[in-house]
Structure formats: structure tokens, C-alpha cells
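Q: no sequence on this one, just coordinates:
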């Protein structure tokens, strides 16, 4: 057993080098991307450059038990600076007063709307129009999950682009105008994501973002650093290669016809936002189509993140299951002969480092700690590996902070920088490891449910 | 030995990582300090220049503060941002143009015209157009031919601002060719040039355009005088190259609301192509008389939803129409299609009124 230890050690070390190597490469790619974006940012701020080109957009808001947020969200959407848009809220069988609140505030009346059911969804009870603002329509339907709700919104959408916004997202006045710029500049764009930041602790007025601030809760601070990493070099690094595999459900814009052509959102996965993007990559690659899935580095959407461990665990397990399902449902993209970066780089990276990664990481922690305790690893080696693991974590987080400072520097007060530095350091002691464990649990849940489903279907077959 | 080597490498890498982290932290602090300085500088710059640029009318100053080389880009952005806010005020506009030239932003814009960045090029094109700067005419003409829709359209707009008359023979053929220019933006350029200059060349271009482009071009005739647009439409309708051009022609007739065309429009209510029937219904809603209500009511049973919808809207638009009248019409109808579509239009109308 002990003689295999060096092999396992070498494997974990290689994994460690590979993971951090890819992250550092993405980081370097992002540096160039951020610099280019910032150069053109001042110019893009002049709205008349793009006026007339902005396509009409349908904003789709899936809402399930959102009585606390829905009015703020609608207020913010009505204040968006955009020439032509309509808002479709899909009440996905809420059990609370989401629909009643909207009915009262916006004087909704049932409307005999005639529309085509291009994507199959759960039963739609009624469509309502607002008598206060003609841009608002509400679809009331049977509960079918977020994907199903967005599909119902797509069926009723009148415009060629739809923008999906979560009911608890906080936007800025120019969010929509900013997210359409890539599709104005490049006609091959089929979907574009917005950069999402943490809303907890920030100031908002009438549902619109006013000023960034830091929450006092450590758990939220950890997630702020995580979001900086994920968006500033995660997305930014993959974007020039047309290889990022996720657009957050919180805020993203899609070409309606393309999404309808691939069948809309799937309602049998918990990560329907990621699954759609991976499927778009797969199907458009298979069809040898020229397409681009891109994203806007500018922070344009602010989302509330869990501020307690129970909710965070639930969210992370859901995310990981969504990731695994998205990859498994679209495994045809892996090394597809169309030779896209999405199939040859991003997919294998996510598969190896995000799907299997948590297992390797957990194994690494166990071996190093056990090896040290059992005397196979010296104190010097133990400390060196600890510094290396933590050091790389801090380095990646610090480089995300650097990208933020080079670009949007939203956290304006000097003490913000100090707090974020400290967070980048502390998150490596416990928080990162906790996340890894949750991801292992998620994969276990996924495999267990898969095995159970297989067993059930085999039993049904044998009965038949 | 092997594990010793790994350990040695790991040891040095960890030292390098820690050093890099410390360096990045120091660099971030340096950037923050630089940012604060820059922000203060732009604030001061903007506070000084905004009143100078906006108080054109009462501005008696015969000197302008000098602009550092580093501030020229900021000035270009500020100037363009403010230029948008003073829409229509000729005196301020002229004053801002004068200041721009004195400050040398025309030179900056000319330099930006050569940049690779699309956004910088766009900024330059818009600025030169606003300044009516003729020096880059040839370059803008070339850019108007660019494959990039945004660039070519911005260049065309700049040309039309610099010299309306000279721009017409360049822009009109481009409108025929460029299928990627948004119709709303093209219409706004045509309006800016004015019907007195653009109407006849546009009418000629529509008549000479390939059959497949006519459908897209005909609606632009609404920016011309009716005396020029309607004869073109009539000539096309006399011998249409294909059915797809009829709808846009009816659209133009409807826009000019010429009652002389009533007979012509009515004949299209039974056209085999549903787009034509829908356009004819809409047009009739604008120019129709009492006797057209029955004709439109017949379309409420059309097999195509859009025809039924446009017919119902047209009945509502007829000059003598009322909600009460539509309700009565609905009661008398036996077919479900007609009742449903009238109900939808009634609710829509009620919503708009509310």
C-alpha cells in the first residue's frame, strides 16, 4: 500500500499543477481581455453610437414564490434605459402571493392572447396584461421548474431576442443596453451573458443598483471573492476562445430562434442554464454553424447570495449536480470533430477539474494529513505543501482582485481593498475545503439517483 | 532522492508564489492610489469644461483653458456626451464645434479614424460628422462601404451631416445594397437629409432596384412627399414584379391616407397572399368609409390569424367606429374566430384607454 504512495502523490501534484496552470493561463488571457475592454469602455458609454441598432428584447422573468422580490424586480425593469422591450413574468405555480401582488400593483387583467406553443411546457392557466404598463404581461402556469417557466415565456415572446432575468436579480439602468452591445457588433452571437456580482450589502433604490459595498458576513465576503474569480478570469479567459460553458440564469440574452431550434430549456435538470449553453455549443458545432457565445465583463447584474451555511450547501450541491448533468447530457461535445475550443479545451477542463476534481482534492487533503500523522510525510514537506496549496489559492484570488482594480474597481473605499485581501487569504482555510466536500456529496447524490433511476426502469421493463 | 527533488521544487515554487502574492498586493494598492488621482483629475477637468461647453450662448470668454495631451481623450468623450444633451440648440452647437476645433479634438478624431478599435473609429466618425469636418470626406466615403454594418451606417450618417447634397448620391445606392442597415436608422438619416433632396433620387432608386430589394425599400418612400411617393407606388402596383411588394406599397398608401386610392386598396382584400390581405385591411382602417366595415368584417373569418387581427384593428380604427359598435358586431357573429379576435381587440383597446 505504502509503495503506491509516491504514485498517488505524483498524480495529485500533477493535478495540482494542471489545475493552477490552466487558471493562471486564463488569468493571463483575461488581463489582455480586460485591458482591451477598458480601452473601448469609455467610447461605448456614449449611447448614440449604438442607438437604432439595439434589437427589441423580451425580458423573461421566471418567478416561483417571489412575493418578496417581484415588485422590486419589476420596478427596476421598468426603469431600464432601452428603446424597445417588453416584460414577461412567468408565475411558475407559486404557492405564495406572487401573482396576487402583481395583479394588484399592475392591475393585471386576463387577456385572450393567441400564441404558438413552440416549446412544450406545463399547462398555462392564463395570460394577463397590465393596464398600468402595456409592456408587462404575466403568464400564470402550472409549476414545472425554472427551465419550463422560461420556455413558456419564450412561447409568448414577441421579439427576436429574449433576456432571462431572475426575479431576485438587481440591475442597473444601462444593464440591457450593455448586454446587447456584443450582438450589435457581431451578428454571429447567439447568446451573451452578463457579469454577476454579489448584491448582499450593496445599496439599491427602487430595485436598481446604486453603490457597491461589502457585507459584514464572512460567508458573503468569501462568495464575493469567488464571484470575482469566476467572472473576471473564469468567463473572461474562456470568452476569446468562444469556449465558456455557462451563462448565469441571473442575467443573459439569447437569440430566440436559435434557442427554439435546439428545443429550449430542459426541465429535467437542476442546471438548466448551463445545460442550454453546453447544448448550444454541441448542436451548433454539430451543424458546423458559425456562432459565438460571449459575455460582457462589465458588472451589470447583482444577485443575492446565501448568507448561511445551510442555504449555501444546498446551492452548491445544486450547482454541482447541474454541472455534472450538463456534461453528461451533452457528452457528444467532448473532442467533437468540429474542433472547437469548447469541445477540446473547456469541456475536458470542466470534466477533469470540476467534475472529478473535488475527489482528487479531497484525496489529496486526506493523503497529506494522514501521511503527516502517520509519519510518511515530514513536517517540512507538510508545511511546504500547505504553503503551496494556500499560496496558489491566494494568488488566484489576488489576481482576480488585480483584474477588478484594473477594470471596474467597484469597491471604492480603501478599507474594501484590505477586507478583500484578508478574505482572499482566509477563504483558503476551511471555506474552500468545505466547498470541495459539498461537491463530492453532490456527485455522490447524482450517481446514487442515477443508479436508482436505472434500477426502477429495469424493474419496469422486466414487469412489462 | 525523487521525493527530495519534488520537495525542493515545491519549496521554491511556494516561495515564488508568496512573493508574487505580496507583489500583486502592493501593485493593487499602487493602482488604487493612481485611480484616486485620475478620478480627481477628471472631476476637475469636467467641472471646468462642462460650463464652458454648455454656456455657449452667454459665453464671452475669448480664451480657453489649455488641454493637456493626456486629457484629449477625456475631452472627446465629454464633448460627445454633452453634444448629445443639447439637441436642437444651434447656438450652443456652433459654440461647441468652435471650442472643439480650438481644442484640437478634430485632430484627435482624425487620428482615431485610423485606429483598429471599432469603437474608437465609431467615436471618430460621429465626432467628425457632428463637426461637419469635410477634410475626411474620402475616408468616410470608403468607410461607408465597409462590411461592418455599424461602421458603414455611422459613416453614411456623418457624410449626410457634413454635406447633405453631396451625400445623397453616395447614400441612396448604399441603402439599396445594404440589407444589414436597420430600417429605423436609415429612415432617420433620410429624414435628416430632408425630402426636398432625397425624395426623387430615392424614388428613382426604388423603381430601378432589383425585384428582391424593392420590398425592403418601398416603405422608405414614406419619408418623401406624397407627390413623389404615391406615383411610384401606383406604378409598381400596376405591374408588380412579385406579390411581396404589394404589402409595402399598401403600407405607403396607408401612411399618406389618400382617399383616391380607396378603390385600389379594396381590390387587395381578397388577394391570395395573406400578407397582402393584412396590409390592405390596415390601410383600409386608415382611409376607409362606412361601406368598408362590412368588407373588413368579412376578413374576421380569414384562415390566417394576422389577417383577422388586422381586420379587427382596422374596424376599430375606422373614423365612425366605437367600442359599442364593435361589441354589437361581435354579438352578431356566429363564427368563433371572429368573436375571439374581436374580443382580443376590445380588451386591447380598453387597456390602452385605461
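A: Sure thing, it's come through. Keep in mind the model is a prediction, meaning the values are calculated, not measured. Numbers count the residues shown, from 1 in each chain, chains lettered A, B, ... in the order given.

Q: residues near residue B:148, how many?
A: Neighbour count of residue B:148, defined by other Cβ atoms under 10 Å in any protein chain shown: 17. Placement of C-beta: from N, CA and C, glycine included.

Q: what's the pLDDT at it?
A: For residue B:148, the pLDDT comes out at 83.

Q: what lies in contact with the helix or strand of chain B with the lowest mean pLDDT?
A: None of the helices or strands of chain B scores lower by mean pLDDT, DSSP states H and E than helix B:336-353, at a mean of 79. The contact list for helix B:336-353 (Cβ atoms under 8 Å, 6 or more residues apart in numbering or on different chains) reads A:109, A:111-114, A:129-131, A:134, B:297, B:300-302, B:305, B:308-309, B:311-313, B:315-316, B:323, B:326-327, B:329-330, B:333.

Q: from the residues you listed, which land in strands?
A: Those of these mapping onto strands are A:109, A:129, A:130, per DSSP state E.

Q: for the first one, give its distance to residue A:128.
A: Read that as residue A:109. Distance of residue A:109 to residue A:128, given as Cβ to Cβ, to the nearest Å: 6 Å.

Q: quick one, which of those two is more surrounded?
A: Taking other Cβ under 10 Å, residue A:109 and residue A:128 do not tie; residue A:128 has more neighbours (23 against 14).

Q: so that one touches residue A:111, yeah?
A: Yes: using Cβ atoms under 8 Å, residue A:128 and residue A:111 qualify as a contacting pair, with a distance of 6.1 Å.

Q: which residues are contacting the helix or strand that contains residue A:277?
A: Using DSSP states H and E, residue A:277 falls within helix A:272-286. Residues outside helix A:272-286 that contact it (Cβ under 8 Å, 6+ apart): A:145-147, A:150, A:164, A:190-191, A:244-249, A:252, A:254, A:258-259, A:262-266, A:269, A:291, A:293, A:322-323, A:325-327, A:329-330, A:332-333, A:336, A:338, A:340, A:342-343, A:347.

Q: in strands, which of the residues you listed fall?
A: When DSSP E is applied, these are split such that A:164, A:190, A:191, A:252, A:254, A:293 fall in strands.

Q: can you tell me the closest non-neighbouring residue to residue A:226?
A: Distances taken as Cβ to Cβ, 6 or more residues apart in numbering or on different chains put residue A:427 closest to residue A:226, at 7.7 Å, once the chain neighbours are dropped.

Q: please enumerate the helices of the stretch 201-350 of chain A.
A: A:218-229, A:236-238, A:256-261, A:272-286, A:309-329, A:341, A:347-349 (DSSP state H, counting those that start in this stretch).

Q: buried deepest among those helices, which one?
A: Mean neighbour count (mean count of other Cβ atoms under 10 Å in any protein chain shown) peaks for helix A:236-238 among the helices of the stretch 201-350 of chain A, with a mean of 25.

Q: tell me the contacts of residue 96?
A: No chain was given, so I picked chain A. A:65, A:66, A:67.

Q: hmm, I had chain B in mind actually
A: Residue B:96 makes contacts with B:53, B:56, B:79, B:82, B:83, B:86, as judged by Cβ under 8 Å, 6+ apart.

Q: can you check the pLDDT for it?
A: 86.

Q: would you check how far apart it and residue B:157 are?
A: 18 Å.
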